[in-house]
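> Only the shape, not the letters, is given here:
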């Protein structure tokens, strides 16, 4: 592969890529900030227009959520962007990213971006506006230097990845079925660019305890304290940790109560579960259900439990292993050391793998402290990851029978 001229131009684009990451990160695109997501979608659509490709904006169906009153409601989601070129090509690649971040519009970090030598601190600079920048620049350079390559590509950028891709998952799975491999631009695992290999699966659940309100002084004995019973349920759920290898159960949020002179009639907890194997699904569900059944035996209470597993574990076998091996070989050719390690995190790579699409899901930037107010990106990695992505695309354009999907 002769990449000399292309790589030289990529190196010259470092400053502009850094400026783009900063510009995009100034746009608050929290998963539920619909106006911010619309602004980010418009910005991305304009940026991707440089690729002279077809595009469309897809409106996602609202997601179901239990609100603070214990009632199910619909929550509107941001858009899904789709860009594509050469859909009739013999080998097709699906490139995936997300525009949403975990930082709310009022989060102090939104106004506290910092730029220093080879580092930018800011909301979403690594996860994953830096990754979107790499995706865009790689396609621009690929199209400029290798316009005749026999490779079709499609880009999907969703706006609900940080909340589980509940609205966009059906589209991701649908499009996965017509491609040969997937490349995703989540941030690398560390500063040296390590890829995520095996990934755990995940589920989200909610436990709702209904008690009975009463005056905390006059009628205390008539009340049924939902917070107290939920606390006991939480301790039993937490005690499940360590009972099954690779399974973690995190009670991440609790709600309930109001005035302290009222026995609380409602308490809610939200739970994040990570699993190592699909065989863990039944164990987790049965274990929590047993705890809920026991709690429902408490007089005067009603305990509800609902939720599901939305991302299955991602294995590193078969064509997925072959794709990682290809990335390692390409890295060797261009002077980059490519390695990978297991991750307890989940992403849309899990969804694509569930649809049978081999994929690498951490081709984004190097940095660290994601999902915290210390998040940062190493700007040198914008160049390195763009080079790697272009080299991968060029290698994939050769067809590679070992990765070719046998049927569509």
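On my side now, so go ahead. What you see is a predicted model, and the numbers here were worked out from it, not measured in a lab.
> just the helices in the stretch 101-250 of the chain please.
Secondary structure of the stretch 101-250 of the chain (DSSP state H, counting those that start in this stretch): helices at 130-145, 169-176, 226-238.
> what residues does the longest one touch?
Contacts made with helix 130-145 from outside it, assessed by CB atoms under 8 Å, 6 or more residues apart in numbering, are listed as 3, 5-6, 9-10, 13, 17, 20-21, 24, 44, 47-48, 50-52, 85, 95, 97, 99, 149, 153, 155, 157, 185-187, 363-365, 367, 377, 381-382, 385-386, 389-390, 393-394. In this view, the C-beta of every residue, glycine as well, is placed from N, C-alpha and C.
> Among those, name the ones in helices.
Per DSSP state H, helices hold the following members of the contacts of helix 130-145: 5-6, 9-10, 17, 20-21, 24, 44, 47-48, 381-382, 385-386, 389-390, 393-394.
> Any stretches of the chain with poor pLDDT?
Along the chain, the model assigns pLDDT under 70 to residues 407-408.
> Wait, residue 33 touches residue 106, no?
No - with contact defined as CB atoms under 8 Å, residue 33 does not reach residue 106; the gap is 10.0 Å.
> So between the two, which is more surrounded?
Comparing residue 33 with residue 106 by other CB atoms under 10 Å, the one with more neighbours is residue 33, at 20 against 9.
> show me the residues around the more buried one that make contact.
Shown in contact with residue 33 (CB under 8 Å, 6+ apart): 104, 105.
> switch the cut-off to 7 Å
Neighbour list for residue 33: residue 105 [criterion: CB atoms under 7 Å, 6 or more residues apart in numbering].
> ditto for the one 3 residues further on
With contacts defined as CB under 7 Å, 6+ apart, residue 36 is in contact with 27, 28, 29, 30, 105.
> All the helices of the stretch 251-400 of the chain, residue numbers only.
For the stretch 251-400 of the chain, applying DSSP H, counting those that start in this stretch gives helices covering 280-295, 318-334, 348-354, 380-396.
> can you put the ones you listed in CSV and add mean neighbour count and distance to residue 66?
Compiled in CSV, those are given as follows (neighbours: other CB atoms under 10 Å; distance: least, CB to CB, whole Å):
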stretch, mean neighbour count, distance to residue 66
helix 280-295, 16, 15
helix 318-334, 17, 35
helix 348-354, 25, 23
helix 380-396, 23, 39
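> Can I get those helices in JSON lines including distance to residue 216?
Shown next, in JSON lines, are the helices of the stretch 251-400 of the chain (distance: least, CB to CB, whole Å):
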{"stretch": "helix 280-295", "distance to residue 216": "22"}
{"stretch": "helix 318-334", "distance to residue 216": "57"}
{"stretch": "helix 348-354", "distance to residue 216": "46"}
{"stretch": "helix 380-396", "distance to residue 216": "56"}
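> so which of those gets nearest residue 113?
Residue 113 lies closest to helix 380-396 among the helices of the stretch 251-400 of the chain, at 15.9 Å (CB to CB).
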